[in-house]
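*Asks:* Next input, structure requested:
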Amino acid sequence: MRANADQWRYNWHSYWAEHAPFHPGMGFALPLFSLLHGAAKVLWICALISLLATGAVFGLALPANVPVWVAALLLFIAYGIIVCPLKAARRSCYWGSGRPGWAWSFVFLLDAVVWLAVVAALLWLAFHYFPELREAVRSIPSLAHQAADDIRAWWQGK
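*Replies:* From the prediction side, this is the model:
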């Protein structure tokens, strides 16, 4: 038991040992990755709204045999493929100096605020400067009612 306790003590102290100092480039890279992630999120939201409202992605019509739900699923997959490296890069910035300590909670909070501010600003700009997006957003309630009616009719026909 004493050897086990010594091993635990050694592992505990080596885990909490001092790590390399914070690299100054991380202060630039983390907000940049947050901005890119926010821009990708806004682009994905706009593409999804465009697809669901018009049946086309930013004016590009779907092939004749591709249903809208397949295109939406492909948008989800494409978004995941694009954002996965950005998330990995952001996490490497978080964990770049070893492990986050108590002060890193401020960095997480600041990064989340930057990301939310970018998403909100880009959505606001897109909504105010793209009339197609405004029309697509205004048509969402009627499309949701139509989808609900179609599902109800399909369910009753089963």
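*Asks:* okay, CA-based contacts and neighbour counts for the rest of this
*Replies:* Fine.
*Asks:* For residue 131, give its distance to residue 53.
*Replies:* Applying C-alpha to C-alpha, to the nearest Å, the value for residue 131 to residue 53 is 13 Å.
*Asks:* which of the two has more neighbours?
*Replies:* More crowded of residue 131 and residue 53, by other C-alpha atoms under 10 Å: residue 53, with 22 against 11.
*Asks:* my guess is the more buried one contacts residue 140, does it?
*Replies:* Yes. With contact defined as C-alpha atoms under 8 Å, residue 53 reaches residue 140; the gap is 6.5 Å.
*Asks:* and the gap between residue 120 and residue 126?
*Replies:* 10 Å.
*Asks:* So the two - more neighbours on which side?
*Replies:* The residue with more neighbours, out of residue 120 and residue 126, is residue 126; 17 against 14, by other C-alpha under 10 Å.
*Asks:* how about the more buried one, what does it touch?
*Replies:* By C-alpha atoms under 8 Å, 6 or more residues apart in numbering, residue 126 lies in contact with residue 133.
*Asks:* For it, report the pLDDT, please.
*Replies:* For residue 126, the pLDDT comes out at 81.
*Asks:* what do you get for residue 96?
*Replies:* Model confidence at residue 96, given as pLDDT, is 61.
*Asks:* And for the one 10 residues further on?
*Replies:* In this prediction, residue 106 carries a pLDDT score of 70.
*Asks:* Only the buried residues of the strand or helix carrying it, if you could.
*Replies:* Element membership of residue 106 [criterion: DSSP states H and E] is helix 104-129. By 16 or more other C-alpha atoms under 10 Å, the buried positions in helix 104-129 come out as 111, 114, 115, 118, 119, 122, 123, 126, 127.
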